[in-house]
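**Student:** From the sequence below, what's the structure:
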Amino acid sequence: MDLRQMEYFQMVCRLNNLTRAAERLHVAQPAISVAMQKLEEELGVQLFSRSQKQFTLTTEGQVFLARVEDILSRTQDAILEMHEYRELRKGTIKLGVPPMIGSYLFPHIFAGFKQVYPSLDLSVIEEGSLAIRGMLERDELDLGIVITCHMSPLLQSELITSGEILVCLSPFHPLAGVEKVDFAQLRQEPFILLKEDTYHRQVILQQCKRHNFEPNIILASSQIDTIRGLVARGVGISFLFDVVARKDPQIQCVPLVEPLCIEIGLAWKKDRYLSKASQAFLDYMSTLIAK
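**Tutor:** Residues are numbered from 1 along each chain as shown. Just a heads-up that it's a prediction; the model follows:
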């Protein structure tokens with residue numbers, strides 16, 4: 001049984017006549033007759049009461065017609081919906097965004113994208129960069145904005161921007177006025193870091209290990225405003241991207257003697273099918289980067 005047989009059956013039921021159904025469908029009458037016979041044979045029931053070329057539905061035929069009309073209606077809806085997706089009048093993109101990147105970079109991206117594609121929806125999942133990479137690999141996201149260092153071979157990425165991690169201090173901290181800070185000078189400081197699913201945190205812990213000390217982590221949070229507020233009050237120190245840190249006049253930002261530079265990119269799984277909507281977002285980001 002195929003959709004063509006169902007369409008033939010529906011038209012015969014509407015017109016109660018094989019000849020007129022064939023004319024309406026622009027096919028030969030024998031093709032309609034054969035299709036109806038095969039349909040009855042396949043179903044094992046009689047769908048029509050045949051009398052002088054008039055086709056009257058049997059009880060079984062009436063039940064089958066109701067099902068066929070539902071199937072054909074749903075099929076047409078599906079075709080129309082796919083057309084909307086193709087024409088980018090409909091679509092959803094599952095996008096992963098780390099909290100620190102989201103706080104300064106994503107609002108600009110989101111506003112611009114919605115202006116160009118108002119009918120497309122961005123479903124944003126806020127997780128750390130490492131968690132987003134894992135979700136991309138497991139096909140749980142379409143795209144992700146991540147730190148691109150040491151990327152998995154399963155993922156592909158396009159560079160969005162680059163930056164530097166700065167030490168963030170209270171304006172009253174003894175190191176607040178220095179030009180640069182050696183990481184070893186931070187040995188006794190209370191650290192306020194992002195949560196464990198972030199590449200950013202991993203980088204800081206690697207630096208602690210490299211300088212032979214165990215950090216005193218007093219708080220882990222994914223809320224950038226919370227981190228900045230605690231730093232400003234002298235509760236502890238933190239490490240933020242330069243563009244994020246310098247936005248807050250209540251904290252002091254000091255570069256490290258050995259700079260910690262990072263690159264941020266848009267990532268996706270190499271062998272994953274990208275929907276028209278996802279491809280539109282990727283194209284939009286490529287245009288944005290090129291400016």
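
**Student:** Please enumerate the strands of the stretch 101-250 of the chain.
**Tutor:** Ranges of strands within the stretch 101-250 of the chain are 121-126, 143-147, 155-169, 190-193, 216-220, 238-241, based on DSSP state E, counting those that start in this stretch.

**Student:** what's the closest of the ones you listed to Met285?
**Tutor:** strand 155-169 (6.8 Å; C-beta to C-beta). Just so you know, the C-beta spots here come from the backbone N, C-alpha and C atoms, and that holds for glycine as well.

**Student:** For the closest one, give the mean pLDDT please.
**Tutor:** Averaged across strand 155-169, pLDDT comes to 92.

**Student:** Just the buried positions in that strand, please.
**Tutor:** Leu155, Gln156, Ser157, Ile160, Gly163, Ile165, Leu166, Val167, Cys168, Leu169 (16 or more other C-beta atoms under 10 Å).

**Student:** Widest-spaced pair of the residues you listed?
**Tutor:** Gln156 and Leu169 (37.7 Å).

**Student:** Closest to His211 out of the buried residues of strand 155-169?
**Tutor:** Closest approach between the buried residues of strand 155-169 and His211, by C-beta to C-beta: Val167, at 13.3 Å.

**Student:** check contacts around that closest one.
**Tutor:** Leu175, Val181, Leu186, Ile237, Ser238, Phe239, Cys253, Val254, Pro255, Leu256 (C-beta atoms under 8 Å, 6 or more residues apart in numbering).

**Student:** Model confidence score at the third one, please.
**Tutor:** Read it as Leu186. 95.

**Student:** Check the first one too.
**Tutor:** The per-residue pLDDT reported for Leu175 equals 94.

**Student:** Leu194 and Ser222 touch, don't they?
**Tutor:** Yes: Leu194 lies in contact with Ser222 (C-beta atoms under 8 Å); the separation is 6.3 Å.

**Student:** Comparing these two, which shows the higher neighbour count?
**Tutor:** Leu194 (25 against 17; other C-beta atoms under 10 Å).

**Student:** ok, now how distant is the nearest residue to the more buried one once chain neighbours are set aside from Gly44?
**Tutor:** Among residues not flanking Leu194 along the chain, Arg201 sits closest, at 4.9 Å (C-beta to C-beta, 6 or more residues apart in numbering). Relative to Gly44, Arg201 is positioned 65 Å away (C-beta to C-beta, to the nearest Å).

**Student:** what about the stretch 1-150 of the chain, any weak spots by pLDDT?
**Tutor:** 51-54, 77, 80-81, 83-85, 87 (pLDDT under 70).

**Student:** Quick one: the helices in it, in order.
**Tutor:** 3-15, 18-25, 29-43, 59-86, 99-104, 106-116, 129-137 (DSSP state H, counting those that start in this stretch).

**Student:** closest one to Ala280 among these?
**Tutor:** Closest among the helices of the stretch 1-150 of the chain, using C-beta to C-beta: helix 106-116, at 8.3 Å.

**Student:** who does the closest one touch, helix- and strand-wise?
**Tutor:** strand 121-126, helix 276-290 (3 or more C-beta pairs under 8 Å, 6 or more residues apart in numbering; DSSP states H and E).

**Student:** let's see it at 7 Å
**Tutor:** Judged by 3 or more C-beta pairs under 7 Å, 6 or more residues apart in numbering; DSSP states H and E, helix 106-116 is in contact with helix 276-290.

**Student:** could you give the angle of the helix it packs on to strand 155-169?
**Tutor:** 50 degrees (axes from the mean of the first three to the mean of the last three C-alpha atoms, to 10 degrees).

**Student:** How about Leu260, nearest residue that isn't a chain neighbour?
**Tutor:** Ile165 (4.0 Å).

**Student:** Domains in this protein, by residue range?
**Tutor:** 3-85, 87-161+264-290, 164-261 (the TED database).

**Student:** Start and end of the last one, how far apart?
**Tutor:** So the one you mean is domain 164-261. 4 Å (C-alpha to C-alpha, to the nearest Å).

**Student:** how about Lys269, phi and psi?
**Tutor:** phi -80, psi 140 (degrees, to the nearest 10).

**Student:** And Arg272, by the same measure?
**Tutor:** Per degrees, to the nearest 10, the backbone of Arg272 is at phi -90, psi 140.

**Student:** Spit out the contact partners of it.
**Tutor:** Asp139 (C-beta atoms under 7 Å, 6 or more residues apart in numbering).

**Student:** and the gap between it and Gln279?
**Tutor:** For Arg272, the distance to Gln279 - C-beta to C-beta - is 12 Å.

**Student:** Thank you kindly, that will do.
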